[in-house]
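> Sequence and predicted structure below; questions after.
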Amino acid sequence: MTTESSDAPPPADSPAHSATSFHASPAPHAAAKRSGDELRCSIARTMQVLGDRWTILIVRECFRGRTRFSDFRKVLGIPTDILTTRLCSLVEAGVLARRGYREPGARERFDYHLTPAGDALLPVLGALAQWGNEYRPSGHGPSRLYQHADTGEAASIAFVTPAGQVIDLPDIAIVPGPGENDPEIGPIRPLAAAPH
């Protein structure tokens, strides 16, 4: 016996479907355009790799020094099949590199190490932690702090110019890049006039 989620779409022949399908279904050319745009969008391509809770937590554990399958499994409580799939995806995406090792008297096993592409995700994790500390506090304070290794000064994620000037969020403009294929999209300052 199967049950359907309450937010699942209604069956195609149900009254609810027939009453809304004309307005809810995008035109075929619009759907195709969105699909093609995803190949050009950096965020969409990144989410193809990282858009999963388990994946980002595996990367987090790599930054904490864990490299072995058994360690990920123990710390995260992740099901074995999901862990296998996520590790393979991260290796395929070039975020992790798989290396062989052998304990004395045991068969060869593999562990997983961050590549340069994986190392470059450190600011991404810092931004997620910074947002979570501010807008999803646990009530116990931050579990990890990001700071300068030598001075202990607190570090934060921000937009910075090549000259080192921090740009306030309302002054950030998002402009079309060379890969943008929609002529209707122009520069925007998403927070400049946003009501708060």
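Here it is on my side, so go on.

> Helices of this structure, start to end?
15-24, 28-40, 42-50, 53-63, 69-76, 80-92, 116-119, 122-135 (DSSP state H).

> Please identify the most buried of the ones you listed.
Across these, the average number of neighbours (mean count of other Cβ atoms under 10 Å) peaks for helix 53-63, which reaches a mean of 18. The C-beta positions use only the backbone N, C-alpha and C, and glycine is treated the same way.

> Tell me the pLDDT of residue 31.
The score at residue 31 is 46. That number is its pLDDT.

> Sorry, wrong one. I was asking about residue 40.
Looking at residue 40 specifically, the model assigns a pLDDT of 85.

> try the one 10 residues further on
pLDDT for residue 50: 95.

> That one and residue 58 touch, don't they?
No: between residue 50 and residue 58 there is no contact, the gap being 10.0 Å when judged by Cβ atoms under 8 Å.

> Report the contact partners of residue 154.
Contacts of residue 154 were listed using Cβ atoms under 8 Å, 6 or more residues apart in numbering, and they are 145, 146, 147.

> Can you tell me which of these has the most neighbours?
Counting neighbours by other Cβ atoms under 10 Å, the top entry in the contacts of residue 154 is residue 146, with 17 neighbours.

> Please tell me how far that one sits from residue 76.
Computed as Cβ to Cβ, to the nearest Å, the residue 146 to residue 76 distance reads 21 Å.
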